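S.K.: Below: sequence and its predicted model.
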Amino acid sequence: MANWDFDEGGKFGSERAAQDYARRNGLSDGDYRTRRKGEEVELEIRRSAADGRTLRDSNEGRRDGWS
């Protein structure tokens, strides 16, 4: 069975910035989800989609660092 758990992917200034980041990293629409939290948008990435993948960050729109 597929792993449908999601992990934190970062905080962004807008949903568009989060989506652009996910797409730049080759994630399909089903591999991530966004959630508005006040002034920020949190990106969550499906764990099985992120496993073994090095996510590139251009710092565009991202509001937090890597854990």
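M.R.: Happy to help now that I have it.
S.K.: surely Glu42 meets Tyr21?
M.R.: No. Here Glu42 lies out of contact with Tyr21, judged by C-beta atoms under 8 Å, at a distance of 11.9 Å. Backbone N, C-alpha and C define where each C-beta goes, glycine included.
S.K.: The two: which is more packed in?
M.R.: Ranked by neighbour count (other C-beta atoms under 10 Å), Glu42 and Tyr21 place Tyr21 first, with 24 against 17.
S.K.: mind checking which helix or strand that one is in?
M.R.: helix 15-24 (DSSP states H and E).
S.K.: Quick one: mean pLDDT for that helix?
M.R.: Mean pLDDT, computed over helix 15-24, is 92.
S.K.: Mind giving me the packing neighbours of that helix?
M.R.: Other helices and strands packing on helix 15-24, by 3 or more C-beta pairs under 8 Å, 6 or more residues apart in numbering; DSSP states H and E, are strand 6-12, strand 32-37, strand 40-46.
S.K.: Let's have the ones you listed in a markdown table, adding distance to Asn25.
M.R.: Shown next, in a markdown table, are those (distance: least, C-beta to C-beta, whole Å):
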| stretch | distance to Asn25 |
| --- | --- |
| strand 6-12 | 9 |
| strand 32-37 | 9 |
| strand 40-46 | 9 |
